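Participant: following is a predicted model, sequence given first.
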Amino acid sequence: MTSRLNPYLNFNGNVRRALEFYTGVFGGNLTLSTFADFGAAGSPDADQIMHGQLETPAGYTIMAADVTSEMPYQPPAGFSVSLSGDDGDALHEYWEKLCAGGTVTMAMQKQVWGDEFGMCVDQFGVSWLVNIGQPQSWPGSRSSRRSRPRRPAGETPSPAGPGAPRGRNPGTRRPAR
């Protein structure tokens with residue numbers, strides 16, 4: 001079985017609205033289950049969302065739940081949800097929608113590392129980071145620099161080309177000890 005990492009957000013009675021908002025941002029299939037759906041029909045939280053899940057066409061999964069009336073609600077703090085990639089059109093669209101009704105904490109603009117980057121807190125209090133990378137190619141290659149594995153420190157490229165064993169250049173001698 002494979003594993004995956006995705007945000008699981010907690011809300012104070014408004015997870016239905018939040019996940020419907022995220023569905024408007026990202027598209028996809030939203031499933032919502034109330035506490036009543038799981039056997040707590042007579043509880044004060046019966047109509048609250050015990051588990052919500054959004055699966056988007058881009059492959060993102062966002063899960064969320066309402067905090068029960070028995071638990072203290074802690075607003076989101078100390079983390080951000082990060083979106084990154086080089087599909088500028090899609091990421092700009094997400095950015096605009098996430099900012100609607102929220103607060104921009106860093107305007108989307110070109111940064112010193114060459115990408116566009118912005119930060120916002122959406123209308124539900126969730127912090128978002130959006131980084132739009134600029135495709136970069138290695139000389140003589142069509143592949144993106146971001147998709148190429150990094151060479152360990154001190155390792156030199158093999159003169160035999162791709163696929164050849166990497167490490168110390170076989171055409172050099174080690175110094176005498």
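Facilitator: Received the coordinates, thanks.
Participant: so where is this structure shaky, pLDDT-wise?
Facilitator: Applying pLDDT under 70 to the chain picks out residues 136-177.
Participant: which parts of it are strands?
Facilitator: 8-11, 29-34, 49-55, 61-66, 81-85, 103-110, 116-121, 127-132 (DSSP state E).
Participant: of the ones you listed, which approaches E20 most closely?
Facilitator: Closest to E20 of the strands of the chain, according to CB to CB: strand 29-34, at 7.0 Å. In this view, the C-beta of every residue, glycine as well, is placed from N, C-alpha and C.
Participant: name every strand pairing with that closest one and say which way it goes.
Facilitator: Under the criterion DSSP bridges, strand 29-34 sits next to strand 49-55 (antiparallel) in its sheet.
Participant: the partner strand to strand 61-66, inter-axis angle?
Facilitator: Per axes from the mean of the first three to the mean of the last three CA atoms, to 10 degrees, the angle that strand 49-55 makes with strand 61-66 is 160 degrees.
Participant: sorry, back to before: next, format the strands of the chain as CSV and append mean neighbour count and distance to Y22.
Facilitator: What follows is the strands of the chain, written out as CSV (neighbours: other CB atoms under 10 Å; distance: least, CB to CB, whole Å):
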stretch, mean neighbour count, distance to Y22
strand 8-11, 17, 9
strand 29-34, 14, 8
strand 49-55, 20, 6
strand 61-66, 20, 6
strand 81-85, 15, 10
strand 103-110, 12, 17
strand 116-121, 19, 14
strand 127-132, 20, 11
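Participant: as CSV, the ones you listed with distance to L19 would be great.
Facilitator: Formatted as CSV, the strands of the chain follow (distance: least, CB to CB, whole Å):
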stretch, distance to L19
strand 8-11, 9
strand 29-34, 6
strand 49-55, 5
strand 61-66, 6
strand 81-85, 13
strand 103-110, 20
strand 116-121, 17
strand 127-132, 15
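Participant: for A41, find the nearest of those strands.
Facilitator: With CB to CB as the measure, strand 29-34 is the member of the strands of the chain nearest A41 (9.0 Å).
Participant: contacts for the closest one, please.
Facilitator: Contact partners of strand 29-34, identified using CB atoms under 8 Å, 6 or more residues apart in numbering, comprise 16, 19-20, 23, 46-55.
Participant: farthest-separated two in these?
Facilitator: By the measure CB to CB, these have their two most distant members at A46 and E55, which lie 25.4 Å apart.
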